[in-house]
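Asks: Sequence plus predicted model, see below.
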Amino acid sequence: MPPVPAPHGDPPPGPGAPALDRRRFLGAAGALALALVGLDACSSPDPTIPGPDAAVNKGYVVPTARATTKNDTAWSKVPGQLCNWSGGNSQMWAWLAAADQLGIPSTCIMENLGAESGYRPGLALADMANRLRDILAAMDQGPGAPGPRGVVSSYSVPLSGITTLQEVADGAADASYQAVARELADGGLVDRSILRIGWEFDGYDNGHPWMGWGAYGRERLFAVAFRRVVGIFKDVDAGFVVDLCWAGEHVASATKVVAACGDLCDIISIDAYQGTAASRLATTLAWCKRFGTSTALPEWGMAGQRDDPRYVDLLVDWVNGPCAAAGVRLAYANVFNTGLVDAGTKVTKEYGLFDSSGLSKHYPKAAARYVDRTV
């Protein structure tokens, strides 16, 4: 999501990364060592990671694809279209109803297991399982509620809170992640869940990371924490789908993280708000090709800028052009529909292309282009 500067209490990474719990390591222990060597080998901002493309694409295909619409394109067949970031369930159902009226099948919902303050210090990671239970219960409420198995859910999983990134890497929060994994597995929801673990890890502005788990300057520590948490989920059920999502901010830092973590991922994605450079999309595609993953647009939207339909064209053309040509599938694409208050100006910025009344009144041209090209 857009940057919200937040101080974090983690100490800088030491000269050596903490040892990974071998019980939760996916594959031979040497794989992590090779990945961490890649941190030093990929310090250049060049978006291409050296190495051959994966021979087999392991990318994630959602279990229920969207029905083919008038646009027989890569984008039109994927689930998505809704970020319920604010947690307002009545608002969520209103958006879903509006999407139905516009002919947009909203089959993917994004939820933040850290609630609204998940990226700020002061959140107990132990609360994630309770938050998840609330989300699942809400999916069974309201008119036309789909129920948890009626949608694909992308869960944004924080890597710090009161517990620091270092402590997560050391295993202090293992029980909290295990509780979330068991809740999803026991509910039969593994095949409907996408885990966006440590999202927007590369965001860093004005001396502060966007997130408490920010990887900038401590990529090795982030990689150890990420791999540990992935291992916890996979220990509960190997079918969990992992999405490594960057913010399109710091290419050099993100390249190090992807080199160390890409082998564990089913999706490598980018939050691509208006203003995202085409080169950042190309970088994302290069990573996906290297590791044989799908891609996604977990968050995209207008970011409070002018009504410019060319932004919509940029994203759709990327998905239907270079991604399709490379065999890299779009797993899901969720427009960020929540207005956010700018920390500096205190003015609410609108991001979405549609709301409970239909197409956005703030961005009528871009909204019309979106419907024309993707529905």
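Replies: Here it is on my side, so go on.

Asks: Low-confidence regions, the stretch 1-150 of the chain specifically.
Replies: In the predicted model of the stretch 1-150 of the chain, residues 1-73, 76-100, 103-107, 115-122, 142-146 satisfy pLDDT under 70.

Asks: how about a cut-off of 90?
Replies: 1-124, 126-127, 130-150 (pLDDT under 90).

Asks: Same check on the stretch 151-300 of the chain?
Replies: 151-154, 161-162, 191-192, 205-208, 299.

Asks: how about the helices of the stretch 151-300 of the chain, start to end?
Replies: 165-170, 174-186, 219-236, 251-261, 278-291 (DSSP state H, counting those that start in this stretch).

Asks: relative to helix 251-261, how tilted is the last one?
Replies: In other words, helix 278-291. 20 degrees (axes from the mean of the first three to the mean of the last three CA atoms, to 10 degrees).

Asks: Which other helices and strands does helix 278-291 contact?
Replies: helix 251-261, strand 267-270, strand 295-300, helix 309-318, helix 324-326 (3 or more CB pairs under 8 Å, 6 or more residues apart in numbering; DSSP states H and E). C-beta: built from backbone N, CA, C; applies to glycine.

Asks: Save the helices of the stretch 151-300 of the chain as CSV, and put in mean neighbour count and distance to K365 too.
Replies: Below are the helices of the stretch 151-300 of the chain laid out as CSV (neighbours: other CB atoms under 10 Å; distance: least, CB to CB, whole Å):
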stretch, mean neighbour count, distance to K365
helix 165-170, 24, 42
helix 174-186, 19, 40
helix 219-236, 24, 39
helix 251-261, 25, 31
helix 278-291, 21, 20
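
Asks: can you redo these as a markdown table with distance to L359?
Replies: Shown next, in a markdown table, are the helices of the stretch 151-300 of the chain (distance: least, CB to CB, whole Å):
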| stretch | distance to L359 |
| --- | --- |
| helix 165-170 | 41 |
| helix 174-186 | 34 |
| helix 219-236 | 38 |
| helix 251-261 | 34 |
| helix 278-291 | 25 |
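
Asks: Could you point out which of the ones you listed sits nearest I197?
Replies: For these, proximity to I197 was assessed by CB to CB; helix 219-236 is nearest, at 5.6 Å.

Asks: residue boundaries of the strands in this protein?
Replies: Applying DSSP state E to the chain gives strands spanning 81-83, 108-112, 152-157, 193-197, 204-205, 208-209, 241-246, 267-270, 295-300, 330-335, 340-341, 348-349, 354-355, 358-359.

Asks: Can you list the strands that the fifth one pairs with?
Replies: Neighbouring strands of strand 204-205 in its sheet, by DSSP bridges, are strand 208-209 (antiparallel).

Asks: residue contacts, G114?
Replies: Residues counted as contacts of G114 (CB atoms under 8 Å, 6 or more residues apart in numbering) are 123, 128, 131, 156-158, 161.

Asks: Kindly indicate which of these lies nearest Q178.
Replies: Relative to Q178, the closest of the contacts of G114 is M128; by CB to CB it sits at 10.5 Å.

Asks: Just give the nearest non-adjacent residue to that closest one, would you?
Replies: In space, not counting the residues next to it along the chain, M128 is nearest to L113; the distance is 4.5 Å by CB to CB, 6 or more residues apart in numbering.

Asks: Would you confirm that the one you found contacts S154?
Replies: No: shown here, L113 and S154 do not form a contact pair, counting by CB atoms under 8 Å, at 10.7 Å.

Asks: More neighbours: these two, which one.
Replies: Higher neighbour count among L113 and S154: S154, with 30 against 23, using other CB atoms under 10 Å.

Asks: residue contacts, that one?
Replies: 108-111, 193-194, 196, 243, 296, 298, 332, 334.

Asks: Tell me what it is bridged to.
Replies: M110, I194.

Asks: Roughly how far does it sit from M128?
Replies: Here S154 is placed at a distance of 15 Å from M128 (CB to CB, to the nearest Å).

Asks: okay, the strands of the chain in a markdown table with distance to L102 next?
Replies: Putting these into a markdown table (distance: least, CB to CB, whole Å) gives the following:
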| stretch | distance to L102 |
| --- | --- |
| strand 81-83 | 9 |
| strand 108-112 | 16 |
| strand 152-157 | 19 |
| strand 193-197 | 24 |
| strand 204-205 | 35 |
| strand 208-209 | 37 |
| strand 241-246 | 26 |
| strand 267-270 | 24 |
| strand 295-300 | 17 |
| strand 330-335 | 12 |
| strand 340-341 | 23 |
| strand 348-349 | 23 |
| strand 354-355 | 6 |
| strand 358-359 | 7 |
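
Asks: count of residues packed around the closest residue to R149 other than its chain neighbours?
Replies: Once flanking residues are discounted, R149 sits nearest to R192: 6.0 Å by CB to CB, 6+ apart. By other CB under 10 Å, 19 other residues sit near R192.

Asks: try L264
Replies: 22.

Asks: Also A126?
Replies: A126, neighbours per other CB under 10 Å, totals 14.

Asks: Show the contacting residues for it.
Replies: A126 makes contact with 173, 175-176, 179, according to CB under 8 Å, 6+ apart.

Asks: ok, so of those residues, who is nearest G217?
Replies: Once CB to CB is applied, the member of these that ends up nearest G217 is A173, at 21.7 Å.

Asks: Please report the distance of that closest one from L165.
Replies: A173 is 10 Å from L165, by CB to CB.

Asks: same deal with K365?
Replies: 42 Å.

Asks: And for D191?
Replies: 29 Å.

Asks: re the thing from before, would you tell me which of the strands of the chain gets closest to T284?
Replies: Per CB to CB, nearest to T284 of the strands of the chain: strand 267-270, 4.5 Å.
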